[in-house]
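Q: model the structure of this input:
(2 chains)
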Amino acid sequence: MSGIAGTKSSLTWAVHLSLAAMVLLWLFPTAGLLVSSFRTADQIATSGWWKSLSASEQNLTLRTDAPDQQVNQNGQFVIQGNLFDESSQSQISRWGTNSRSISDYAAGDTAELRKGGTVTVQTNGDYVMQSDEPFTGKRGTRIFVTAKSPPEFTLRNYNYVLFDPSNREGIAKAFFNTLTVTIPATIIPILVAAFAAYALAWMDFPGRALLIAVVVGLLVVPLQLALIPLLRLHNDIGIGKGYVGAWLAHTGFGLPLAIYLLRNYMVGLPKDIIENAKVDGATDFQIFTKIILPLSFPALASFAIFQFLWTWNDLLVALVFLIDSTGDTTVMTKQIVELLGTRGGNWEILATSAFISIAVPLAVFFAMQKYLVRGLLAGSVK
Amino acid sequence: MHPALQGLLSIVLGVGGCVAYFYFSNQFLDKVLFPGRGPNAGRNITRANMIRPWLFLLPAIAALSIYLAYPVVETLRLSLTERLPGNQSQFVGLANYQQMVSEPKFWEAMRNNMLWLLVVPAFSTALGLLAAQLSDRVRWGNIAKSLIFMPMAISFVGAAVIWKLVYDTRPVDQDQIGVLNALYLFFGGSEPNTWLTLPVWNNFFLMIVLIWIQTGFAMVILSAALRGIPEETVEAAIVDGANPFQVFFKIKVPQIMGTVVVVWTTITIVVLKVFDIVFAMTNGQWETQVLANYMYDKLFRANDWGVGSASAMIIMLLVSPILVWNVYNARKEMR
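A: The predicted structure follows:
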């Protein structure tokens, strides 16, 4: 199509490069969160996540074993072991025993300890402490090392955030609460909207055009207006704050889009089928359930995805209609906002929780993207 | 009862209730009220068919009126009244609005909202158009599209966490873990900035989050529009010697202007309601307040329903031109 002979190759390269740059730019922030969720708190706090993909040099403060581990070998008191965890493959280049001079010694050197005795540290973290006198004190000696560590990732954060029973800020419960809000709030509006959309598309009655206009208008009414009046209404009729209120609210707020999408789709269905069915004596109810509903599957799927993403990602409706003072019904978005406040610096917890909350919508997104795009194209008012 | 069980039950009740309502109300209409046989068969069928649309519409109309129409009216009323002790209220005219416009925080929110309105739709649409045009010309365009589109699935709260990591700040003597500060220092910045507390600029850092999310939406719609452009117009231009930029700006863009407007207005509505991003990232501190968060503050922190409703009405007022425009277009299309 755009084949201008002379300019083509250079322009094609420019297109490839700029698109690649754009894609990388768009992926980069999310990648940061994903990578961070697999790093330990120390790693996140001491180096940027983009450095974690290659071996990195870090300054670490490690401890030897405590003096109660010492053994007496031929009159010498000895403590030995390895400074790192077993699985670590870090390589020590320089080390020291004083926080002000952390690189006095090379790997393999022996240093005098301030409290008496000597210590030798090897490249792989093996150390030997020796002294004529017994080592005293409760804690081990601090060793400051400069070590090169290979990329290292862990599932510990996920384990902690999802399964650790001692973690009161765990997200497992909020995950199930979110699911509990989302599924009914996605399914219930579909049927209500489908019947209404059929009436607006295929039945003739006075006021139809006006009703369609009203639906189009309600599409853009801000949710904000509904908060106080509906909260009062829910309190007055005894629903209060809870799942029922949240389901009803999501149903109400999702209906305009549902009706609009489904009506636009149903209007486009072939007229002959419906008229033939009518001639054969089918009632409107039969036409709807036997013909229209199965044929409208793509539109139903589009709306279901929209509503699912919107209810899963929602914060405002949950804050106002769902979460009461006990916090038992908290959803993930709310939990994460709270973590942002209380654990703003603990990126390992934040990143992991946030990634768990966005993993489900992302999975739905990639699995059903076709329907989402179709819905978007039908849903934007032309 | 366990919430999951309650959820399951409510699905069954909700869906089953709907089906039962539609089935039995239709049966009642056809068999009992206006039976389609006997002496008045013809008249009865006509009558039944007049009533049936309303049977189909009733649940939807009820939900729409309770959950969307009634709140508009009720919020208007609340914005004109003041709450008195003991569930009483008193008509106070425009006093709430007067109080609101005398607050500097309100004007800060208005100013920021206007900034958002100018910047976010413009950048999202422009970048979306760029992405659409670029990805239509390469073979891996579909993959590129789906990756740029991906942030649409991420919640505003999740996006807030993602971008807070980008904007993170560490003390001068430590390694920076936020990309922005790392780049800033790499390109010669003197010391790391706490980006989200720099007044005025921090608004733009919040806007970037929404632009990042909305670009994919703009791209999808505009890409479909670009594909709908008749080939002949483009070919004619190329034959006449137009270069690719001229083809894009003089031939393609004018033909999809209608879609650009739609994308622009849709993003404008999202911007007017933007709440989660500000709530999660700065909560309106450091001069980043926006209307929706201002309203939330008034309603649920200050417990001032009057002023809160008044600010909700301001949002409604800002949305209404788009509302009217949409309704006008929809009616035009139906004729």
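Q: contacts only, for the most centrally placed residue in chain B.
A: Geometric centre of chain B, nearest residue: residue B:270, 2.8 Å, by C-alpha atoms, centre = their mean. Residues near residue B:270 by C-beta atoms under 8 Å, 6 or more residues apart in numbering or on different chains: B:210, B:214. (C-beta placed from N, C-alpha, C; glycine too.)
Q: find the helix or strand that it is a member of.
A: Per DSSP states H and E, residue B:270 falls inside helix B:257-272.
Q: contact partners for the closest residue to residue B:302 other than its chain neighbours?
A: In space, and not counting its chain neighbours, residue B:302 is closest to residue B:308: 7.8 Å by C-beta to C-beta, 6 or more residues apart in numbering or on different chains. Residue B:308 is in contact with A:228, B:295-296, B:298-299, B:302, counting by C-beta under 8 Å, 6+ apart.
Q: need those in a markdown table with secondary structure and distance to residue B:159, can you?
A: Rendered in a markdown table, the data for the contacts of residue B:308 read as follows (DSSP: H, G, I helix; E, B strand; the rest coil; distance: C-beta to C-beta, whole Å):
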| residue | secondary structure | distance to residue B:159 |
| --- | --- | --- |
| A:228 | helix | 27 |
| B:295 | helix | 21 |
| B:296 | helix | 18 |
| B:298 | helix | 25 |
| B:299 | helix | 24 |
| B:302 | coil | 27 |
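Q: nearest to residue B:30, of these?
A: residue A:228 (42.9 Å; C-beta to C-beta).
Q: gap between that closest one and chain B?
A: Counting by C-beta to the nearest C-beta, to the nearest Å, the separation of residue A:228 from chain B is 6 Å.
Q: got it, and residue A:250?
A: Where chain B is concerned, residue A:250 sits at a distance of 9 Å (C-beta to the nearest C-beta).
Q: you'd agree residue B:141 is up against residue B:135?
A: Yes: assessed by C-beta atoms under 8 Å, residue B:141 is found in contact with residue B:135 at 3.6 Å.
Q: what touches both of the two?
A: Common neighbours of residue B:141 and residue B:135 (C-beta under 8 Å, 6+ apart) are residue A:19.
Q: quick one: contacts for the residue in chain A positioned nearest to chain B?
A: Among all residues of chain A, residue A:252 sits closest to chain B, at 2.5 Å; criterion: C-beta to the nearest C-beta. When contacts are counted by C-beta under 8 Å, 6+ apart, residue A:252 touches A:226, B:63-64, B:66-68.
Q: mind running it again at 10 Å?
A: A:189, A:192, A:218, A:223, A:226, A:230, B:60, B:62-68, B:71 (C-beta atoms under 10 Å, 6 or more residues apart in numbering or on different chains).
Q: take those and keep only those in helices.
A: If you go by DSSP state H, the contacts of residue A:252 have A:189, A:192, A:218, A:230, B:60, B:62-64, B:71 in helices.
Q: please indicate which of those residues are buried?
A: Among these, the ones that count as buried by 16 or more other C-beta atoms under 10 Å in any protein chain shown are A:189, A:192, A:218, A:230, B:60, B:63-64, B:71.
Q: that older thread, report the separation between the residue nearest to residue B:302 and residue B:131.
A: Residue B:308 is 39 Å from residue B:131, where distance means C-beta to C-beta, to the nearest Å.
Q: again, but for residue B:27
A: Distance from residue B:27 to residue B:131, by C-beta to C-beta: 53 Å.
Q: before we move on, what about residue A:317?
A: 31 Å.
Q: more neighbours, these two?
A: residue B:131 (27 against 22; other C-beta atoms under 10 Å in any protein chain shown).
Q: which helix or strand contains the more buried one?
A: Going by DSSP H and E, residue B:131 is in helix B:104-135.
Q: ok, now residue B:288?
A: Assigned by DSSP H and E, residue B:288 falls outside every helix and strand.
Q: count the neighbours of the closest residue to it other than its chain neighbours for me.
A: In space, and not counting its chain neighbours, residue B:288 is closest to residue B:282: 4.5 Å by C-beta to C-beta, 6+ apart. By other C-beta under 10 Å, 22 other residues sit near residue B:282.
Q: and residue 145, what pLDDT?
A: By default, I'm working from chain A. Per-residue confidence (pLDDT) for residue A:145: 82.
Q: that answer is for a different chain, and I need it for chain B
A: Reading off the model, residue B:145 has pLDDT 88.
Q: pLDDT at the spatially closest residue to it that is not a sequence neighbour, what is it?
A: Closest residue in space to residue B:145, ignoring its immediate chain neighbours: residue B:135 at 4.9 Å, by C-beta to C-beta, 6+ apart. Residue B:135 is assigned 88 on the pLDDT scale.
Q: can you pull out the helices in the stretch 51-200 of chain A?
A: A:156-163, A:172-202 (DSSP state H, counting those that start in this stretch).
Q: so which of these is the most surrounded?
A: helix A:172-202 (a mean of 24; mean count of other C-beta atoms under 10 Å in any protein chain shown).
Q: and it, how far out from the chain's middle?
A: 23 Å (C-alpha atoms, centre = their mean, to the nearest Å).
Q: and what of stretch B:122-135?
A: That offset, for stretch B:122-135, works out to 19 Å (C-alpha atoms, centre = their mean).
Q: circling back to that earlier point, distance between whichever strand or helix holds the residue of chain A closest to chain B and the chain's centre?
A: Residue A:252 belongs to helix A:243-267 when assigned by DSSP H and E. Offset of helix A:243-267 from its chain centre (C-alpha atoms, centre = their mean): 26 Å.
Q: ok, residues contacting the helix or strand just after that helix?
A: Using DSSP H and E, the next helix or strand after helix A:243-267 towards the C-terminus is helix A:271-279. Applying C-beta under 10 Å, 6+ apart, the contact partners of helix A:271-279 are A:198, A:201-202, A:266, A:270, A:282-284, A:286-288, A:290-292, A:295.
Q: what subset of the residues you listed is buried?
A: A:198, A:201-202, A:266, A:283-284, A:287-288, A:291-292, A:295.
Q: domain parsing for the chain?
A: Went with chain A since none was named. Domains of chain A are assigned by automatic domain parsing as A:8-51, A:55-150, A:161-379.
Q: the chain in question should be chain B.
A: According to automatic domain parsing, the ranges for chain B are B:3-79, B:98-334.
Q: residue of the stretch 1-150 of chain B nearest chain A, please.
A: Counting by C-beta to the nearest C-beta, the stretch 1-150 of chain B gets nearest to chain A through residue B:67 (2.5 Å).
Q: what's the burial count for that residue?
A: 25.
Q: show me where the stretch 251-382 of chain A has its strands.
A: Counting by DSSP state E, counting those that start in this stretch, the stretch 251-382 of chain A forms no strands at all.
Q: any stretches of it with poor pLDDT?
A: A:344, A:379-382 (pLDDT under 70).
Q: what segments of it are helices?
A: Going by DSSP H, counting those that start in this stretch, the stretch 251-382 of chain A shows helices at A:271-279, A:284-286, A:293-295, A:297-313, A:316-317, A:332-342, A:347-367, A:369-379.
Q: and if you look at the stretch 101-250 of chain B?
A: In the stretch 101-250 of chain B, the segments counted as helices under DSSP H, counting those that start in this stretch are B:104-135, B:141-149, B:156-166, B:179-186, B:201-228, B:231-239, B:244-246.
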